[in-house]
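Novice: Give me a model of this one.
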Amino acid sequence: MIDRRDVGSWLEGPGTGRQRYPGERLGRPEEGPGSVGRVGRRIVALVLDWYLCWALAQWLVPGWNEQGLMTLAFLFVLNVLLVGATGHTPGHLLLGLQVQTLAGRPAGFARAVVRSLLLCLVVPAVVFDPDQRGLHDRAVDTVLVRTR
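Specialist: Below is the predicted model:
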């Protein structure tokens, strides 16, 4: 019989003592390629992508009153197209990160659409489990890993 301890929960927080590092129970290494991308890299990658999308919105839609909304729309499209095709955005690529399925393959377009939509809602991205996967990654069975 399966119980709650077998499944785990993000509510338990990182101090459960069941794993030594993020990604251990996913079969990921502690450091180096294939390990779970840490929060610092993820935030820098998101900021780089946000400013790229902001610049595109300023250039392609000048005078639009809702630049923040247009930037968010560009971020959604950028994530869907690039994460779906290659597994990473420009920010991810610069920082050596890739969105992969739990089996180690790039996410694909279907997962990228759902993941990007949830990412743009912000709340799922700031709630982490012990593997440092946000709710947007958990919802589509992906993980953001280091490529170098």
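
Novice: What mean pLDDT does the longest helix belonging to the chain get?
Specialist: Determined from DSSP state H, the single longest helix within the chain is helix 39-60. Average pLDDT, helix 39-60: 93.

Novice: Likewise for stretch 110-120?
Specialist: Mean pLDDT, stretch 110-120: 93.

Novice: in it, what's buried?
Specialist: Of the residues in stretch 110-120, 111-113, 115-116, 118-119 count as buried by neighbour count, 16 or more other C-beta atoms under 10 Å. Heads up, the C-betas are built off the backbone N, CA and C, glycines and all.

Novice: how close does the closest residue to R41 other than its chain neighbours sit to L60?
Specialist: In space, R41 comes closest to L95 once its chain neighbours are excluded; the distance is 4.8 Å by C-beta to C-beta, 6 or more residues apart in numbering. The gap separating L95 from L60 is 25 Å, by C-beta to C-beta, to the nearest Å.

Novice: Those two: who's more crowded?
Specialist: Ranked by neighbour count (other C-beta atoms under 10 Å), L95 and L60 place L95 first, with 21 against 10.

Novice: right, and that one touches G40 too?
Specialist: No. With contact defined as C-beta atoms under 8 Å, L95 does not count as touching G40 (9.2 Å).

Novice: that older thread, sitting in helices, which of the buried residues of stretch 110-120 do you find?
Specialist: Among the buried residues of stretch 110-120, the ones falling in helices (DSSP H) are 111-113, 115-116, 118-119.

Novice: Pull the most distant pair out of those residues.
Specialist: R111 and L119 (11.8 Å; C-beta to C-beta).

Novice: what ranges do the helices span in this structure?
Specialist: In the chain, the helices defined using DSSP H lie at 4-7, 39-60, 67-85, 90-94, 109-120, 123-126, 135-139.

Novice: packing partners for the fourth one?
Specialist: It stands for helix 90-94. helix 39-60, helix 67-85, strand 97-101 (3 or more C-beta pairs under 8 Å, 6 or more residues apart in numbering; DSSP states H and E).

Novice: If you count neighbours, what's buried in that helix?
Specialist: Residues of helix 90-94 classed as buried by neighbour count (16+ other C-beta under 10 Å): 91-93.

Novice: That's all I had, so thanks and see you.
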